[in-house]
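Student: Okay, predicted coordinates and the sequence, questions at the end:
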Amino acid sequence: MKAGVLHARDDLRYEEILTPVPVKGEVLVRVKATGICGSDIPRVLGDGAHFFPIVLGHEFSGEVAEIGEGVTSVAVGDRVAGVPLVPCLKCGDCQKGDYALCKHYSFIGSRESGSFAEYVKMPERNVVKFNDSVSFEQGAFFEPATVALHGLLCADYRGGEDVAILGGGTVGMFTAQWARIFGAKRVFVFDIDNDRLALAKKLGVDVTINTLDKDFKEQVDKLTNKKGFGFVYETAGVDITMKLAFELAGNKSGVCFIGTPTKDLVFTPRLFENMNRKEFKLTGSWMSYSAPFPGREWELTAHYFSTGALKFDDSFIFKKVPLSNIKEGFDMFKVQGAVKGKVLIVNE
């Protein structure tokens, strides 16, 4: 089969390798679409790869091409999304259903061969079926959609509250939609890009706030009667929004950091004291899994994509790139800010 194989830093080659063969309990998937995740960028353009050569790619969909002995939950031809985490299922964290915290895990597309290829194999439990109403492009967005839902649940989310989403990227858009699906009073999205804010409105968000507006905090005070938000979800992983979360949180609220920071973060004592004075609960969120594996995050994503309640917009996709041009797909990220949305690697 053909695959995009990473041989060294920024040395990504389209070449022929052996097609994997599913053994007992495994499924071979013919890959249709794979998203380039933010975590793939440092693996290809930096020093983040675990070893070489490696086939990356973990946000993917396709159809079942072959099944190994004993596989019963899927059949050849089924449309599926791939679940990248391969937990050990034996450690204490796995026994409690906290699979993302497994210390002995593998991961499709970083620790073992992934989906920047024509085919990828995985355990039977790592495929999630979806119906014909869901496109393969949508299927490649299951992983970020489940990340958003997991973050929502980590903060013990409940309906009836005003909810703030900080960051209007892909995960932020899905987090906003999940908050609405599960009964938010109002959903606010904060970003600096008016195009992203317009998309948020299109997807059903109640209020959008451009944080470049000098009076945006006064706007918030007026709209919330100075009570702040019942839940705040930070999805950008940047200094400004992570600090803003401490300001926007209301008394006894839930605050979750879904975004992953890449630089030092320094709080002033006065800003950090917000957590004490408001007695809000701060938590992080990591990946997207619960028991029974892979969890309700994946089950509900398949369901709400199929009903249309969880909306997908073509503007989520910045560009589609054929697998044969995969290096060009990553070269786009060499210019900071050039990519706005998801780059999809597709097999025709």
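Tutor: Looks like it arrived, so ask away.
Student: Quick one: neighbours of Phe305, just the number.
Tutor: Counted by other Cβ atoms under 10 Å, the residues lying close to Phe305 total 23. From N, CA and C alone the C-beta is placed, and that goes for glycine too.
Student: ditto for Asp191
Tutor: If you count neighbours by other Cβ under 10 Å, Asp191 ends up with 25.
Student: I'd say it and Thr211 touch.
Tutor: Yes - here Asp191 reaches Thr211: they are 7.1 Å apart, a contact under Cβ atoms under 8 Å.
Student: what residues are shared contacts of those two?
Tutor: The overlap between the contact sets of Asp191 and Thr211 (Cβ atoms under 8 Å, 6 or more residues apart in numbering) is empty.
Student: quick one: the helices in this protein?
Tutor: Assigned by DSSP state H, the chain shows helices spanning 40-45, 92-95, 136-139, 142-154, 170-181, 194-202, 216-224, 239-248, 269-278, 296-307, 326-331.
Student: can you tell which of these is closest to Glu63?
Tutor: helix 136-139 (8.2 Å; Cβ to Cβ).
Student: State the distance from the nearest residue to Thr72 once chain neighbours are set aside to Val86.
Tutor: The shortest distance from Thr72 to any non-neighbouring residue, by Cβ to Cβ, 6 or more residues apart in numbering, is to Glu124 (7.9 Å). For Glu124, the distance to Val86 equals 12 Å [Cβ to Cβ, to the nearest Å].
Student: out of the two, which sits in the more crowded spot?
Tutor: Legend: neighbour count by other Cβ under 10 Å for Glu124 and Val86, higher for Val86 (20 against 17).
Student: quick one: the nearest residue to that one once chain neighbours are set aside and Ser288, what's the gap?
Tutor: Leaving out its chain neighbours, the residue that sits closest to Val86 by Cβ to Cβ, 6+ apart is Ser106, at 4.1 Å. Here Ser106 is placed at a distance of 16 Å from Ser288 (Cβ to Cβ).
Student: And for Cys37?
Tutor: Taking Cβ to Cβ as the measure, Cys37 and Ser288 are separated by 12 Å.
Student: who touches both of these two?
Tutor: By Cβ under 8 Å, 6+ apart, the residues touching both Cys37 and Ser288 are Glu143.
Student: Between the two, point out the one with more neighbours.
Tutor: Taking other Cβ under 10 Å, Cys37 and Ser288 do not tie; Ser288 has more neighbours (26 against 21).
Student: Distance of the residue nearest to the spatial centre of the chain relative to Ser73?
Tutor: For the chain, Pro144 is the residue whose C-alpha lies nearest the centre (Cα atoms, centre = their mean; 2.1 Å). Using Cβ to Cβ, Pro144 is found at 24 Å from Ser73.
Student: which residues sit in contact with the nearest residue to Ser61 once chain neighbours are set aside?
Tutor: Excluding the flanking residues, the one nearest Ser61 by Cβ to Cβ, 6+ apart is Gly139, at 2.6 Å. Listed by Cβ under 8 Å, 6+ apart, the contact partners of Gly139 are Lys32, Ala33, Phe60, Ser61, Gly62, Arg79, Val80, Ala81, Phe130.
Student: May I see those organised as JSON lines, with distance to Lys226, neighbour count and pLDDT added?
Tutor: Formatted as JSON lines, these follow (distance: Cβ to Cβ, whole Å; neighbours: other Cβ atoms under 10 Å; pLDDT from 0 to 100):
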{"residue": "Lys32", "distance to Lys226": "49", "neighbour count": "21", "pLDDT": "98"}
{"residue": "Ala33", "distance to Lys226": "45", "neighbour count": "24", "pLDDT": "98"}
{"residue": "Phe60", "distance to Lys226": "45", "neighbour count": "31", "pLDDT": "97"}
{"residue": "Ser61", "distance to Lys226": "45", "neighbour count": "28", "pLDDT": "98"}
{"residue": "Gly62", "distance to Lys226": "50", "neighbour count": "26", "pLDDT": "98"}
{"residue": "Arg79", "distance to Lys226": "49", "neighbour count": "21", "pLDDT": "98"}
{"residue": "Val80", "distance to Lys226": "48", "neighbour count": "25", "pLDDT": "98"}
{"residue": "Ala81", "distance to Lys226": "43", "neighbour count": "30", "pLDDT": "98"}
{"residue": "Phe130", "distance to Lys226": "44", "neighbour count": "21", "pLDDT": "97"}
